[in-house]
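# Need coordinates for the below:
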Amino acid sequence: MNDQRNMILAIVLSMAVLFGWQFFIAGPQLEQAQRQAETAAEQQAAGEVARDGLDIAAPQGEPGAGAATSSSTDILSFATRDAALAASPRVPIRTPAVSGSINLVGAQIDDLHLLRYRETIDDDSPTITLLSPAGSPEPYFLEQGWVAPAGSAIALPDGQTMWTLETGETLTPETPVTLAWDNGEGLVFRRTIALDESYMFSITQSVENTGAAEIALYPYSRIMRLYTPRTQNFFILHEGPIGVLGDANLIEMSYGDLEGDGQRDYAATGGWLGFTDKYWATAIIPGQDETINARFFHTPRAGNGNDYRANFVSQSAVAVPAGATAEHTSLAFAGAKVESIIDAYEQGHGIDRFELLIDWGWFHFITKPMFYLIRLLYEFLGNFGLAILAVTVMIKAIFFPLANKSYASMANMRRMQPQMKEIQEKYKDDRAAQQQAMMELYKKEKINPVSGCWPVLIQIPVFFALYKVLFVTIEMRHAPFFGWIQDLAAQDPTTVFNLFGLLPYDPTIVPVIGPFLQVGIWPLIMGVTMWVQMKLNPPPADPTQAMVFSLMPVIFTFMLATFPAGLVIYWAWNNFLSVIQQWVIMKRHGVEVDLLGNIKNSFKRKPKAAD
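Residues are numbered from 1 along each chain as shown. The predicted structure follows:
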């Protein structure tokens, strides 16, 4: 019995140490390291000037090739995003999913709002802003262009080129727009931009050659993020540069990693690359049979923090004969990471493992089916919270035979308590003989002392899978339950330390311990159900074990209080079902369950030991 308790205790404490280490140590250290890196980069950037073309990977066999460049000092800075938008002529974007505009200066897609998502749960909250123009406080935009062969003097469009609107007035799913620029040397560049009803842009670059000689150009596409975004720095979620590129497979790095390396280059056929946030992402996607050079690039900027960029350039030149026109098409994703949309793009466009834009984690074979099941139940129940409760019942049903066997073994061990105590007293000075006698008793009564651990072990992968689903999937973002829970992906907003809002102050602002003072109603319910479940059994005879077991519900209440409310609801509901299941099984095996008596004994003052 002690071995079984020690094993369960070790499992539970391991989970507590894992989350505690991330919360108290790893998270703060990572944040501090990121702040130090930002400060060092800003100091290093003093007096430096980054050139826009230096981030473009050279095509194979063209080591001296480069994109048309413009100095970063040519970009004006504006106090607000609106001021930056107003500084240049634009083509509007209007679809059911997004709104924004295309900048005619540079033909950049640099203004995008996600209309289906808001910053908070308030209906009048601003919609999510994904892309912003150069010169704004947080520049983040997409652009395409051409790379000239080494030694060529072809005038190419760059980030400061003024394009004209040739066809279309507003970019919609039904009406693409075409921009044009004449370099005055016999070449007319056009860029036709189309957008579906969700988040995928299709950009066709064409070159009309009215000159007398054939030319060759290499097309490129890139994402520029000219600031350091705020990330959650949580170990179960990747935020930062990401891609799937040939033999490199899935590429994930932090912004700090990219700062340290400066650049990382990859040769690939097809694939994709970009930047991912928790719920939003951008990605540039070549033809899946196109051979490319891809690059993640970082450079510090004087007074403006850091530049992070991702780009690819085709290794096959587009030949444009005299008097002819040639073109190249690529895709660009900018939007919300909705699983059904991402999956449709992967299947519809044949994009290599585009599903990995969502961080399903190493245990995706559990996490994705869990998500699918919750989403399916949501379609019937109309509430993700109810779907989580239903999933808990289904999981309980699936593992009922194993749990039934485990609880039955625990009940038998309870029934064998008198014999076990006799053995412990008889062989209290001979540990080896005590263990031998215990094993003989287990064999005689057909008891597996370790089987009682299975109910706890089963919960661990389910717990992590549900945690991952709640934490990374946008479908859970701002998903309401009932009452005060209006966002299952956020922690319970109430706290016992201000009497659930009756006292007019926010205890979470208290220095150091503030984050731990938001212990809401559902964490308290979870703690009570955990405590009641433990009271199905009498306390361990060992005083140390008894103290640790009595503190576990308190520790988990404070620890899980910071977790998504949906996960706490799952844990509380699972505890409640476990109490009923264990009580029924123990009664069936003839074990007296004095739950009320055990609870009452918890509040009785322990008699003092005699001197």
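# Near Pro418, how many other residues are there?
8 (other Cβ atoms under 10 Å). Any C-beta I mention is one placed from the backbone N, CA and C, and that applies to glycine too.
# Tell me the pLDDT of it.
Listed pLDDT for Pro418 reads 74.
# For Leu237, what is the enclosing helix or strand?
Taking DSSP states H and E as the criterion, Leu237 maps to no regular element, lying outside all helices and strands.
# quick one: contacts for it?
278, 359, 471-472 (Cβ atoms under 8 Å, 6 or more residues apart in numbering).
# Could you do Ala334 as well?
By Cβ under 8 Å, 6+ apart, the contact set of Ala334 is 98, 109, 112, 130-131, 142, 199, 201, 281-282.
# Mind doing that once more with 7 Å?
112, 130-131, 142, 199, 201, 282 (Cβ atoms under 7 Å, 6 or more residues apart in numbering).
# Ile366 too?
Contacts for Ile366 (Cβ under 7 Å, 6+ apart) come out as 461, 465.
# Please report how far it lies from Phe464.
For Ile366, the distance to Phe464 (Cβ to Cβ, to the nearest Å) stands at 8 Å.
# Poorly predicted segments of this protein, please.
For the chain, the stretches flagged by pLDDT under 70 are 1-55, 57-75, 248, 302-304, 407-415, 445-456, 458-459, 537-543, 545-546, 589-611.
# Go through it and flag its longest helix.
The longest helix of the chain (DSSP state H) is helix 565-588.
# who's in contact with that one?
Applying Cβ under 7 Å, 6+ apart, the external contacts of helix 565-588 come out as 385, 388-389, 392, 396, 403-404, 407-408, 411, 414, 455, 459, 466-467, 470, 476, 481, 485, 488-492, 522-523, 525-526, 529-530, 532-533, 536, 560, 593.
# Swap in 6 Å and give it another go.
Counting by Cβ atoms under 6 Å, 6 or more residues apart in numbering, the neighbours of helix 565-588 from elsewhere in the structure are 388-389, 392, 396, 407-408, 411, 466-467, 470, 485, 488, 492, 522-523, 525-526, 529-530, 532-533, 536, 560, 593.
# Tell me how many other residues crowd Leu502.
When counting by other Cβ under 10 Å, one arrives at 6 neighbours for Leu502.
# wait, is Ala387 part of a helix?
Yes: the assignment for Ala387 by DSSP: H, G, I helix; E, B strand; the rest coil puts it in a helix.
# Can you list the strands that the helix or strand containing Val207 pairs with?
Element membership of Val207, judged by DSSP H and E, is strand 200-209. Neighbouring strands of strand 200-209 in its sheet, by DSSP bridges, are strand 187-195 (antiparallel), strand 325-336 (antiparallel).
# I'd like these laid out as a markdown table, including distance to Leu503.
Below are the strands paired with strand 200-209 laid out as a markdown table (distance: least, Cβ to Cβ, whole Å):
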| stretch | distance to Leu503 |
| --- | --- |
| strand 187-195 | 50 |
| strand 325-336 | 38 |
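# With respect to Arg94, which of the ones you listed lies nearest?
Set against Arg94 and scored by Cβ to Cβ, those come closest in strand 187-195, at 9.5 Å.
# Cross the contacts of helix 565-588 against helices and list the overlap.
Secondary structure from DSSP H places 388-389, 392, 396, 407-408, 411, 466-467, 470, 522-523, 525-526, 529-530, 532-533, 560 of the contacts of helix 565-588 in helices.
# Among these, the buried ones, what's the PyMOL command?
With 16 or more other Cβ atoms under 10 Å as the criterion, this PyMOL line picks the buried residues out of the ones in helices among the contacts of helix 565-588:
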select buried, resi 388+389+392+396+407+408+411+466+467+470+522+523+525+526+529+530+532+533+560
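# Following the chain past the strand holding Val207, name the next helix or strand.
In the C-terminal direction, the helix or strand that comes right after strand 200-209 (DSSP H and E) is strand 215-225.
# chain center to that next one, what's the gap?
29 Å (Cα atoms, centre = their mean, to the nearest Å).
# for stretch 273-288, same thing?
The chain centroid and the centroid of stretch 273-288 are separated by 14 Å, computed with Cα atoms, centre = their mean.
# Same question for it: list its buried residues.
Going by neighbour count (16+ other Cβ under 10 Å), the buried part of stretch 273-288 is 273-287.
# got it, and stretch 336-354?
Quick answer for stretch 336-354 (16+ other Cβ under 10 Å): 336-339, 341-342, 345-346, 349, 351-352, 354.
# which residues sit against it?
Applying Cβ under 6 Å, 6+ apart, the set of residues contacting stretch 336-354 is 114, 198, 200, 244, 270-272, 279-281, 285, 288, 355, 357-358, 474.
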